[in-house]
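Asks: Whatever this is, show me its structure:
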Amino acid sequence: MRTFNIKTPDKKIVPALQDKIDNLTKPKGSLGRLEELAVRIGTIQQSLSPVLRTPQNIVFAADHGVVVEGVSFSAPEVTAQQIYNFLKGGGGINMFARQHHFILKVVDCGVNADFGDLPGLIHRKIRKSTDNYLYGPAMTPEEMERAIEIGAEMVQLAYQEGTNIISFGELGMANTSASSVWMYFFTGIPLKECVGAGSGLDNQGIEHKYQVLKRATDNYQGNGTAEDILRWFGGFEMVAAAGGMLQAAELGMTIIIDGFIMTNCILAASKLHPEVLEYCVFGHQGDEAGHKSVLEALHAKPLLNLGLRLGEGTGAICAYPIIESAIRMINEMSSFKQAAVTKYF
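Replies: Below you'll find the predicted structure:
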């Protein structure tokens, strides 16, 4: 399996970043999380004047074989229908991308539909849907490797286009189920606490979903490595997102993490390369059961808590203006010396 050369950002620059922030015309620490963000991104970029360039959100789409077990509120055909909606500009992610000037890309990694040469869609289909992991692995090792390469390829392209801050979204019915299983294996949190409503299950539906996932995890016959758990239970879109995250970290990009599914993708990526977490900003805590717990397991501090659970990258893009404010603060506020203001703290 491919490895990535991800370096831990050099922390020697942190005191200089903090000193610059502490000498801006404000009481020390008075801009709170914005100051922490500026230090984090300055450290990632190894710069006292960090910049944000050409933000992009990449949505990876694929279907899951386990959907036939009734674990999703949404019908299986919704994945393909939403692809057409996104390409027409009508999705939630389209609206947020327009508002905050993100480039939006949609990548078919394994949707159970024929799109032909549909304009605007990036065609990287591995095959139509993963297998049903209730009875065996969702994908082969070769398919998992291909999914990682797709994610890395999309990020390399974004980097060549000038992007240095990126977020990821997902589209695929039953991907909260796969995320719950990853969360269970990678954190040790009881499976019951990892399973939620997804796109709208009621309590009876959640219990059924839990029972299916419990049978799937009980039936697991793999070797227990991170790679094996990724391929046994993951979706092509989720593995692609993990690969994209790893490639972004290797390239020194800032990664904005979206909701429950993308948080579990960065969790999975961190089991392959722990250093990837140094490049992350967690956009929000969503309303899906388990998201708060997996964030806590990662020691992550999300920027927003708006009760979101749409996915697609929407929460990450919503958080972007806060990140932008942090960068404007460190670059545009005057120092006490520049403004000839006496320090008043």
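Asks: Now do stretch 129-143: distance from first to last residue.
Replies: One end of stretch 129-143 to the other measures 11 Å (C-alpha to C-alpha, to the nearest Å).
Asks: which residues are in contact with that stretch?
Replies: Residues from elsewhere that reach stretch 129-143 (C-beta atoms under 8 Å, 6 or more residues apart in numbering): 1, 62-69, 110-112, 126-127, 147, 178, 181, 212, 215-216, 219, 222, 227, 231-236, 239. Where you see a C-beta, it was placed from the backbone N, CA and C, and this is true even at glycine.
Asks: tell me which residues of the helix or strand containing residue 159 are tucked away?
Replies: Per DSSP states H and E: residue 159 is located in helix 141-160. For helix 141-160, burial by neighbour count (16 or more other C-beta atoms under 10 Å) applies to 143-155, 158-159.
Asks: ok, then the element right after it?
Replies: Once helix 141-160 ends, the next helix or strand along the chain (criterion: DSSP H and E) is strand 165-171.
Asks: For the helix or strand hosting residue 105, give the mean pLDDT please.
Replies: For residue 105, the element it lies in under DSSP H and E is strand 103-110. For strand 103-110, mean pLDDT is 98.
Asks: would you put the C-alpha positions of that strand in CSV?
Replies: The C-alpha trace of strand 103-110 is given here as CSV (Å, rounded to 0.1, in the frame of the first residue of the first chain):
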residue,chain,number,x,y,z
ILE,A,103,-14.0,25.7,-6.2
LEU,A,104,-16.3,22.7,-6.0
LYS,A,105,-15.5,19.4,-7.6
VAL,A,106,-17.6,16.2,-7.7
VAL,A,107,-15.9,12.9,-8.2
ASP,A,108,-17.6,9.6,-9.0
CYS,A,109,-15.6,6.8,-7.3
GLY,A,110,-18.2,4.1,-7.4
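Asks: What pairs with that strand, parallel or antiparallel?
Replies: strand 56-62 (parallel), strand 121-123 (parallel) (DSSP bridges).
Asks: out of those, nearest to residue 333?
Replies: Checking the strands paired with strand 103-110 against residue 333 by C-beta to C-beta gives strand 56-62 as the closest, at 27.5 Å.
Asks: For the helix or strand following that closest one, enumerate the helices and strands it packs against.
Replies: Next helix or strand after strand 56-62 toward the C-terminus (DSSP H and E): helix 78-87. Helices and strands touching helix 78-87, by 3 or more C-beta pairs under 8 Å, 6 or more residues apart in numbering; DSSP states H and E, are strand 56-62, strand 103-110, strand 165-171.
Asks: Output the ones you listed as TSV; include the columns mean neighbour count and distance to residue 118.
Replies: Output for the helices and strands packed on helix 78-87, formatted as TSV (neighbours: other C-beta atoms under 10 Å; distance: least, C-beta to C-beta, whole Å):
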stretch	mean neighbour count	distance to residue 118
strand 56-62	28	12
strand 103-110	24	9
strand 165-171	29	14
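Asks: Between those strands, which one is closest to residue 50.
Replies: For residue 50, the closest of the helices and strands packed on helix 78-87 is strand 165-171, at 9.8 Å, according to C-beta to C-beta.
Asks: now the angle between strand 165-171 and the very next helix or strand once past the closest one, please.
Replies: Using DSSP H and E, the helix or strand that follows strand 165-171 in sequence is helix 175-187. For helix 175-187 against strand 165-171, the angle by axes from the mean of the first three to the mean of the last three C-alpha atoms, to 10 degrees is 120 degrees.
Asks: With just CA atoms, put helix 175-187 into CSV.
Replies: Taking C-alpha atoms only, helix 175-187 is exported to CSV below (Å, rounded to 0.1, in the frame of the first residue of the first chain):
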residue,chain,number,x,y,z
ASN,A,175,-21.9,6.0,4.5
THR,A,176,-22.7,6.8,8.2
SER,A,177,-22.9,3.1,8.7
ALA,A,178,-19.3,2.6,7.4
SER,A,179,-18.2,5.6,9.5
SER,A,180,-19.7,4.1,12.6
VAL,A,181,-17.9,0.9,12.1
TRP,A,182,-14.6,2.7,11.5
MET,A,183,-15.2,4.7,14.7
TYR,A,184,-15.9,1.6,16.7
PHE,A,185,-12.7,-0.2,15.6
PHE,A,186,-10.4,2.8,15.7
THR,A,187,-11.5,4.3,19.0
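Asks: Name the next helix or strand downstream of it, please.
Replies: helix 191-194.
Asks: what comes up buried for that next one?
Replies: Those would be 191, 193, 194, for helix 191-194 by 16+ other C-beta under 10 Å.
Asks: any idea which of these is closest to residue 83?
Replies: residue 194 (27.7 Å).
Asks: which other residues reach stretch 118-126?
Replies: Outside of stretch 118-126, the residues within contact range by C-beta under 8 Å, 6+ apart are 62, 83, 87, 105-111, 115, 117, 139, 143, 146-147, 150, 153-154, 236, 240.
Asks: could you redo the last one with a cut-off of 6 Å?
Replies: 87, 105, 106, 107, 108, 109, 110, 115, 143, 146, 150, 236 (C-beta atoms under 6 Å, 6 or more residues apart in numbering).
Asks: What about residue 195, how many residues nearby?
Replies: 28 (other C-beta atoms under 10 Å).
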